[in-house]
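K.L.:
with the sequence up front, the predicted model follows.
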Amino acid sequence: MKRLKLFIPLIIFVVISGFLYKGLFLEKEILPSALIDKPFPEFSLPTVKDPSRRITRNDLLGEVSLVNVWATWCPSCRVEHPYLVKLAREEGIRIVGIDYKDERDQALRWLKELHDPYVFSIEDADGRLGIDLGVYGAPETYLVDAKGIIRYKHVGVVDEVLWNNTLKPLVEQFRREEG
């Protein structure tokens with residue numbers, strides 16, 4: 001019995017190591033969200049371009065939208081930004097931005113220099129909307145249907161592969177359902 005007690009820490013170590021090893025091979029872009037199939041959280045925040053204009057959840061209603069969490073301090077956001085501009089211009093996708101924990105002056109400069117794919121960009125300077133959404137960091141993108149229900153969440157860069165294989169079919173599906 002005493003020998004068995006000596007091996008208990010080793011057994012615990014092996015079990016924990018197994019879980020950690022398994023975690024190395026999980027896809028980092030697939031992070032579960034408790035908000036899938038739930039309404040977009042209520043909020044009232046200014047836009048980056050016009051701090052006197054308040055945006056609320058109601059401004060997301062009526063059309064399928066991609067809601068993109070971005071920031072000027074985010075290197076991956078810079079990588080995905082040209083593709084978002086392309087989606088907005090060439091595919092006619094309604095993209096709403098959430099400028100997450102950022103400085104307004106830097107965000108304005110970013111949108112001017114790199115072009116603005118957003119119908120509006122919400123200023124989430126303190127990150128409270130991000131907390132309500134369960135944001136892990138930037139970039140993150142949510143697919144929100146015309147009724148304001150979150151249908152999909154992607155953590156990471158939106159690119160052509162993600163658009164063609166996942167987002168575009170979902171956007172088309174939810175557009176058919178709204179019409």
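P.N.:
The structure has been received and is ready for your questions. Numbering: from 1, shown residues only.
K.L.:
what's around A71, how many residues?
P.N.:
Counted with other C-beta atoms under 10 Å, the neighbours of A71 add up to 24. C-beta here means a position set from N, CA and C on the backbone, and glycine is covered the same way.
K.L.:
next one: Y118
P.N.:
Y118: 23 neighbours (other C-beta under 10 Å).
K.L.:
so what's the closest residue to it other than its chain neighbours up against?
P.N.:
Excluding the flanking residues, the one nearest Y118 by C-beta to C-beta, 6 or more residues apart in numbering is G97, at 3.8 Å. Shown in contact with G97 (C-beta atoms under 8 Å, 6 or more residues apart in numbering): V48, V67, N68, V69, W70, P117, Y118, F120, S121, I122.
K.L.:
include distance to D102, pLDDT and secondary structure when you put these into CSV, please.
P.N.:
Converted to CSV, the contacts of G97 look like this (distance: C-beta to C-beta, whole Å; pLDDT from 0 to 100; DSSP: H, G, I helix; E, B strand; the rest coil):
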residue, distance to D102, pLDDT, secondary structure
V48, 8, 98, coil
V67, 16, 98, strand
N68, 13, 98, strand
V69, 10, 98, strand
W70, 8, 98, strand
P117, 16, 98, coil
Y118, 13, 98, coil
F120, 15, 97, coil
S121, 10, 98, strand
I122, 11, 98, strand
